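>>> Return a 3D structure for these sequence lines:
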Amino acid sequence: MSKKKIVLIVVLAVLTLFIILCGLLAYYIFGERDKVSYDINEWSNLEKTFTYLPSVEEMGEYSDLKSKYQHRDYFIFQSDAYILRATYPKDIFDKQKNSILNNYSFQETVVDYGEETIEKEANFEFDGFKFQMLSLKEYNLYYPKQIVFVGISKKNNEIAFVFFDDIDLDYISDSFEEFLVEECGWE
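Numbers count the residues shown, from 1 in each chain. Okay, here's the model as predicted:
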């Protein structure tokens with residue numbers, strides 16, 4: 001083999017390796033990285049910071065409790081979502097539901113200043129739940145950067161709290177149903 005062919009093969013190999021390394025670096029820097037945890041301690045740490053959120057003990061006498069924490073990392077942009085879902089026996093569910101409806105203040109509408117200004121209802125039905133957003137003013141939340149949804153499912157005797165935090169989010173272009181699945185990790 002001639003010396004020119006060997007040099008050409010080496011140059012192409014080095015160039016290929018360089019392109020692969022640049023691709024991996026770009027993926028590492030700009031690619032989405034998620035951390036998901038089902039550890040109830042994630043919620044416990046959150047409710048210590050945001051005292052208006054219920055502690056695990058304040059969820060009452062549930063028959064099943066599920067928790068999910070999702071951290072998303074897009075280079076310098078990050079978001080956190082926490083979900084706490086409790087299932088109750090029928091008699092206890094009614095008591096818990098009434099306690100929530102009587103002890104929390106809810107938001108009626110919110111305004112998104114995206115491509116166009118849109119006023120949205122701050123409550124919706126999804127996956128058998130009726131979701132309501134906690135009052136922004138009452139709980140010092142800053143929409144859309146920080147949101148808390150409370151969901152109640154009479155059909156399944158279930159109550160869910162969803163906390164979302166993303167300081168870089170300027171507006172929500174999707175419906176709240178899509179947002180709950182895509183950004184909050186609702187399953």
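
>>> Which parts of this protein are helices?
Read by DSSP state H, the chain holds these helices, from start to end of the chain: 3-30, 40-49, 90-103, 176-182.

>>> Go through the ones you listed and name the closest to residue 141.
When the helices of the chain are ranked by proximity to residue 141, the top entry is helix 40-49, at 13.0 Å, counting by CB to CB. In short, each C-beta sits where N, CA and C put it, glycine included.

>>> now the closest one: mean pLDDT?
pLDDT averaged over helix 40-49 equals 94, rounded to a whole number.

>>> which helices and strands does that helix pack with?
strand 64-74, strand 77-87 (3 or more CB pairs under 8 Å, 6 or more residues apart in numbering; DSSP states H and E).

>>> residues of that helix that come out buried?
By 16 or more other CB atoms under 10 Å, the buried positions in helix 40-49 come out as 42, 43, 46, 47.

>>> so that helix versus strand 77-87, what angle?
Here helix 40-49 runs at an angle of 100 degrees relative to strand 77-87 (axes from the mean of the first three to the mean of the last three CA atoms, to 10 degrees).

>>> Just the CA trace of helix 40-49, in PDB.
The C-alpha atoms that make up helix 40-49 are tabulated as PDB, following Å, rounded to 0.1, in the frame of the first residue of the first chain:
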ATOM      1  CA  ILE A  40     -41.400   8.600  49.100                       C
ATOM      2  CA  ASN A  41     -38.600  10.600  50.800                       C
ATOM      3  CA  GLU A  42     -38.400  12.800  47.700                       C
ATOM      4  CA  TRP A  43     -42.000  14.100  48.500                       C
ATOM      5  CA  SER A  44     -41.100  14.300  52.200                       C
ATOM      6  CA  ASN A  45     -38.200  16.600  51.400                       C
ATOM      7  CA  LEU A  46     -40.500  18.800  49.200                       C
ATOM      8  CA  GLU A  47     -43.300  19.200  51.700                       C
ATOM      9  CA  LYS A  48     -40.700  20.400  54.300                       C
ATOM     10  CA  THR A  49     -39.900  23.300  51.900                       C
END
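
>>> Between strand 64-74 and it, find me the angle.
With the same axes, to 10 degrees defining the directions, helix 40-49 sits at 80 degrees from strand 64-74.

>>> for helix 40-49, the distance to its chain's centre please.
Taking CA atoms, centre = their mean, to the nearest Å, the mean C-alpha location of helix 40-49 is offset from the chain mean by 15 Å.

>>> got it, and stretch 154-163?
Relative to the mean C-alpha coordinate of its chain, stretch 154-163 is positioned 16 Å out (CA atoms, centre = their mean).
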